[in-house]
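Trainee: Sequence and predicted structure are below.
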Amino acid sequence: MRLNPNDRFAKHPTPIERHPPPSSSSSSSFRGPGAMVGKGKSEGSESRPTSSSASASSTSTSASTFEYEFGGPIGAFLTLISLPIIILLLTHWTSKGGIFWGDIIDLLVGPPSPSYSSTVTKSSSSSFKTRFAYFLCPACDDHDEPMIELMKCALVVLSWFIFQVILERVLPCELVEGAPLPRHQGGEGEESTRRLTYRINGHLAFWITLLLLDVGWPSWTDLTRTVLTFGRAPLTWLCDRYAMLAFVTIVYAIFLSTYLYAKSFVRDDINDEGEGGKSAGPLLAAGGNSGNHVYDYFMGRELNPRSLGGTFDWKEFCELRPGLIGWMVLNMAMLMRQRERLGYVTGSMMLVNIFQGAYVWDALYQERAILTTMDITTDGFGYMLVFGDLAWVPFTYSLQARYLVDHDPLLSWPALAAIVAVNATGYLIFRGANGQKDAFRRDPDSAEVSHLTYLRTKRGTRLLTSGWWGLARKINYTGDWIMGLSWCMLCGFDSVVPYFYAIYFAILLVHRSVRDDHMCREKYGDDWDKYRSIVPYRFIPGII
Ligand code: NDP
């Protein structure tokens, strides 16, 4: 059965309007750790089933010819195992304010160590299961059964996810078409004329969520439960169970990845709309169709998994909503906990909430821009992205706020002012460069960008050679990293743990730039070399 995209949405009760597809690449995109590793070569490889996709009905490329990324199946497996461990250690250590290796030994073998004493008094005589639960929640009261806390966290995370799905379903939305899909049945390098339609209402979901958490949280005022009032949500609960929430989110990410992987083998005429109206099975991502289960599970086999009659796009939803908005909510929880402890909110905590809240808002405000990113158009939706979107982003990007709850360096106002200047510089570059490219890709003759010089390529598109993009080829990454650095600086210099973001993000962006450079070389050929000779620097003009 084929549903016309227009018919699908016409059936939906929410007010909708149609909009043209986004015309440029993303101004902001969120990737998990997968973005920093792996793809040294582009999707244009001969060994792949198509330039960027394959259909389920086509056979998987043989393992001997498949162009593996990420160190192949072994590398994928090791990454799959190690990333959850990294998150759990970071969330635990951030709560404690530093790196305590002894905690790992205490967790594994049980005996007390001085660095872990608060937890050990509660759990030294207990089983590994209970020790692990206390490791995840050092603040759990003695009388609290840690396993019950774990169940509560599982319920909270699930409810959060479902709440965001409901918002996506019921809020008014714009219908925006994505980039043309790769041809379903192969055809080297060809694109089909078919595009998926996306429900864009993330920005509204952002504000509704904020409103609900700030003033709309329902509670009973009396024991008989007759009077319902609304106020601020008790977010501090999240702060005490930070690592535990990360753990259950990781478990959910594994479940979701497994479901999506299994789904990619099922021919689903309702959700998979094929070329000419006939479904030939799910559209697969070329990079996740090697035939090796571990590798494909990790990379993501299906390109755009959809449910609910093909109207709910798992990837687009997860890229921007539960994890990204969840990151901001975690930051708010940390702010409330600090105010509860100290009686006031420090400058660092306030600024980290403002800076990162603005970053999240910006991504949701520009939601349609994500539709032309590699994440949406090329990468399959598997463990790498599911885990990155749902677990990695909220729980490693919020480390600074968690650190500040108990270890605020109480920076002087001149120090804070200097950090604001660093952030503003980063934002100016990030938004300026992304906005300029966005405007140029939308309409190169618009007044905003018509004064800029460009290189006309054989491929048809033009490459900017002045303005921000004349300074360095990845100047937007530089701005993004500078902003990230300013977030870390708000935590002072006593511990390296809050600086994890700046370190990880630098690796991610360097790797991503190499990957994009390689892809552009394939896309543009000699023109890309010419562009590189006009704009020789990658990140910092005159230096690197
Ligand atoms: P870019 O926005 O840099 O887009 C790269 C594409 O832009 C190229 O493939 C090319 O595509 C086009 N392009 C390159 N040079 C030029 C030029 N001179 N003129 C016109 N077009 C050009 O990459 P991303 O999508 O990776 O990043 C977008 C933003 O998201 C960045 O600011 C980045 O920092 C941020 N980001 C954030 C992450 C996070 O976790 N916080 C993770 C990853 C990214 P074409 O020519 O085909 O249009």
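Mentor: Right, received. Where do you want to start?

Trainee: List the residues that contact the closest residue to residue 459 other than its chain neighbours.
Mentor: Nearest residue to residue 459, sequence neighbours excluded (CB to CB, 6 or more residues apart in numbering): residue 524, at 5.8 Å. The C-beta positions use only the backbone N, C-alpha and C, and glycine is treated the same way. With contacts defined as CB atoms under 8 Å, 6 or more residues apart in numbering, the neighbours of residue 524 are 457, 458, 459, 463, 531.

Trainee: Now the residues you listed in CSV, please, with extra columns for neighbour count, secondary structure and pLDDT.
Mentor: Shown next, in CSV, are those (neighbours: other CB atoms under 10 Å; DSSP: H, G, I helix; E, B strand; the rest coil; pLDDT from 0 to 100):
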residue, neighbour count, secondary structure, pLDDT
457, 18, coil, 93
458, 9, coil, 92
459, 12, coil, 86
463, 22, strand, 95
531, 21, helix, 97
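
Trainee: Closest to the ligand out of these?
Mentor: The nearest member of the contacts of residue 524 to the ligand, counting by CB to the nearest ligand atom, is residue 463 at 4.2 Å.

Trainee: which regions of the chain sit below the pLDDT cut-off?
Mentor: Within the chain, the ranges that satisfy pLDDT under 70 run 1-64, 111-126, 139-144, 183-193, 269-280.

Trainee: how deep is the residue in the stretch 251-400 of the chain that the ligand sits nearest to tucked in, by neighbour count?
Mentor: The stretch 251-400 of the chain approaches the ligand most closely through residue 373 (4.8 Å), counting by CB to the nearest ligand atom. Residue 373: 20 surrounding residues under other CB atoms under 10 Å.

Trainee: Strands of the stretch 401-544 of the chain, start to end?
Mentor: 454-456, 462-464 (DSSP state E, counting those that start in this stretch).

Trainee: swap in the chain?
Mentor: Listed in chain order, the strands of the chain (DSSP state E) span 16-19, 53-55, 173-182, 191-200, 217-220, 228-231, 283-285, 306-307, 312-313, 454-456, 462-464.

Trainee: Which residue does the protein have closest to the ligand?
Mentor: Closest point on the chain to the ligand, by CB to the nearest ligand atom, is residue 480, at 3.3 Å.

Trainee: From residue 401, how far off is the nearest residue to that residue once chain neighbours are set aside?
Mentor: The shortest distance from residue 480 to any non-neighbouring residue, by CB to CB, 6+ apart, is to residue 430 (5.0 Å). Counting by CB to CB, to the nearest Å, the separation of residue 430 from residue 401 is 20 Å.

Trainee: Among those two, which residue is more densely surrounded?
Mentor: Neighbours per residue (other CB under 10 Å) separate residue 430 from residue 401, with residue 401 holding more: 30 against 25.

Trainee: Apart from its chain neighbours, what residue comes closest to the more buried one?
Mentor: residue 334 is the one closest to residue 401 (CB to CB, 6+ apart), at 3.8 Å.

Trainee: roughly how far apart are the residue nearest to residue 459 and residue 69?
Mentor: In terms of CB to CB, residue 524 sits 22 Å off from residue 69.

Trainee: got it, and residue 400?
Mentor: 31 Å.

Trainee: between those two, which one's more packed in?
Mentor: Set residue 400 next to residue 69 and count neighbours by other CB under 10 Å: residue 400 wins out with 29 against 23.

Trainee: shouldn't the more buried one be in contact with residue 487?
Mentor: Yes - shown here, residue 400 and residue 487 form a contact pair, counting by CB atoms under 8 Å, at 5.2 Å.

Trainee: and for those two, which residues touch both?
Mentor: With CB under 8 Å, 6+ apart as the test, residue 400 and residue 487 both reach 352, 356, 501.

Trainee: wait, the residue nearest to residue 480 sits on residue 476?
Mentor: Yes - Residue 430 lies in contact with residue 476 (CB under 8 Å); the separation is 5.9 Å.

Trainee: who touches the residue nearest to residue 401 in this structure?
Mentor: Contacts of residue 334 by CB under 8 Å, 6+ apart are 239, 349, 398, 401, 402, 404, 405.

Trainee: Against residue 95, how distant is the first one?
Mentor: Okay, so that is residue 239. 9 Å.

Trainee: any common contacting residues for those two?
Mentor: residue 402.

Trainee: need the residues of the stretch 351-500 of the chain near the ligand, please.
Mentor: 373, 430, 434, 437, 440-441, 461, 463-464, 469, 476-477, 480 (CB under 6 Å from any ligand atom).

Trainee: Selecting buried members of the residues you listed in PyMOL, what would you type?
Mentor: Selection of buried members from these for PyMOL, criterion 16 or more other CB atoms under 10 Å:
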select buried, resi 373+430+434+437+440+441+463+464+469+476+477+480
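
Trainee: Now intersect the residues of the stretch 351-500 of the chain next to the ligand with the helices, please.
Mentor: The members of those that map onto helices under DSSP state H are 430, 434, 437, 440, 441, 469, 476, 477, 480.

Trainee: can you count the residues close to the closest residue to the fourth one other than its chain neighbours?
Mentor: Taking CB to CB, 6+ apart, and ignoring the residues beside it in sequence, residue 440 has residue 449 as its nearest neighbour in space, at 4.6 Å. Per other CB under 10 Å, the neighbour tally for residue 449 reads 21.

Trainee: how about the helices in the stretch 201-350 of the chain?
Mentor: 202-215, 236-240, 242-263, 293-299, 314-320, 322-342, 347-365 (DSSP state H, counting those that start in this stretch).
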